[in-house]
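> I'd like to go over a predicted model; first the sequence, then the structure.
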Amino acid sequence: MAEKIRVMLTEEEVDKRIQEMGEQISRDYAGKKIHLICVLKGGVFFMCELAKRISIPVSMDFMAISSYGQGTESSGIIKIVKDLDESITGEHVVVVEDIVDSGRTLNYLLDMLKDRKPESLRLCTLLDKPDRRVVEVKVDYTGFSIPDEFVVGYGLDYAQKYRNLPYIGVVELDKE
Ligand code: IMP
Ligand code: MG
């Protein structure tokens, strides 16, 4: 079966929204410095685009986690594959994610980061699938709320493919 990608959000729509989010964050943290934490690998495209549109001082760090799950379901039990390089104690931290789905991964990750005593801790996600939520997570900045469909592009993958698409698409199996 071949795969087809149906466009859900165009490159222009995504860029415009990220611009707005960058401006919003810059206003909310005016006079402060923020520390962006990117969750690899999916968050990397969004974080780079977002960071370029933030006008206050920014520092960045990266974290890689793996989630023990079955297929496309995450379990919420996560393992740190690559920890942050720097301490976040006293920092205004914004976690930058590609998508919040069940909420299990973020719930676990945010709890863990809270223990490291940041000055403040917020979550910024490009996409949110609220219908899929199993565990409550407070999302402070959402790019787009989307329906329950499996999406790719802008960092999101399907079996490690399609991360490089400059738009958000839905994978459709093409029965030939
Ligand atoms: P959660 O713990 O269920 O919220 O899982 C979040 C993670 O699952 C995201 O960071 C993605 O890596 C992955 N994920 C959830 N939905 C999608 C999707 O539609 N496309 C690609 N990856 C997804
Ligand atoms: Mg992710």
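It's in. Ligands and ions are numbered 1, 2, ... in the order given.

> Nearest to ligand 2: which residue in this protein?
Nearest residue of the chain to ligand 2 (CB to the ion) works out as G42 at 3.7 Å. Quick note: C-beta positions are derived from backbone N, CA and C, even for glycine.

> Excluding chain neighbours, what is closest to that residue?
Leaving out its chain neighbours, the residue that sits closest to G42 by CB to CB, 6 or more residues apart in numbering is D98, at 3.6 Å.

> what sits against the one you found?
The contact partners of D98, taken as CB atoms under 8 Å, 6 or more residues apart in numbering, are V39, G42, G43, F45, F46, T125, L126, L127, Y154, G155, L156.

> Which pLDDT value belongs to the closest residue to Y29 other than its chain neighbours?
Nearest non-adjacent residue to Y29, counting by CB to CB, 6+ apart: I56, 5.6 Å away. Here the pLDDT value assigned to I56 is 98.

> How many residues are close by I56?
16 (other CB atoms under 10 Å).

> Helix, strand or coil: sort out it for me.
Judged by DSSP: H, G, I helix; E, B strand; the rest coil, the three-state class of I56 is coil.

> Touching, it and S26? I think so.
Yes: the criterion here is CB atoms under 8 Å, and I56 meets it with S26 at 5.2 Å.

> Now do the phi/psi pair for L50.
phi -70, psi -50 (degrees, to the nearest 10).

> got a list of what it touches?
I18, M21, G22, I25, L36, V96, C124.

> which one of the residues you listed is nearest ligand 1?
For these, the minimum distance to ligand 1 (CB to the nearest ligand atom) is 11.1 Å, reached by V96.

> Flag every residue of this protein that's near ligand 2.
The chain has residues G42, D98 near ligand 2, with proximity defined as CB under 5 Å from the ion.

> Going along the chain, name the strands of the chain.
2-9, 34-40, 58-67, 78-82, 92-100, 120-128, 141-145, 151-152, 168-174 (DSSP state E).

> Residues in a beta bridge with C38, which ones?
Judged by DSSP bridges, the bridge partners of C38 are F62, V96.

> oh, and call the first residue 55 from now on, that's how I've got it
Okay, using 55 as the starting number, the last item reads as C92.

> In this structure it contacts F116, no?
Yes: counting by CB under 8 Å, F116 is a contact partner of C92 at 5.0 Å.

> Specify which residue of the two has the higher count of neighbours.
Neighbour totals were compared for C92 and F116, and C92 leads with 25 against 18 (other CB under 10 Å).

> Now the residue nearest the centre of the chain: closest residue in space that isn't a chain neighbour?
Among the residues of the chain, the one closest to the centroid is E151, at 1.3 Å (CA atoms, centre = their mean). The spatially closest residue to E151, leaving aside those adjacent along the chain, is T179, at 4.5 Å (CB to CB, 6+ apart).
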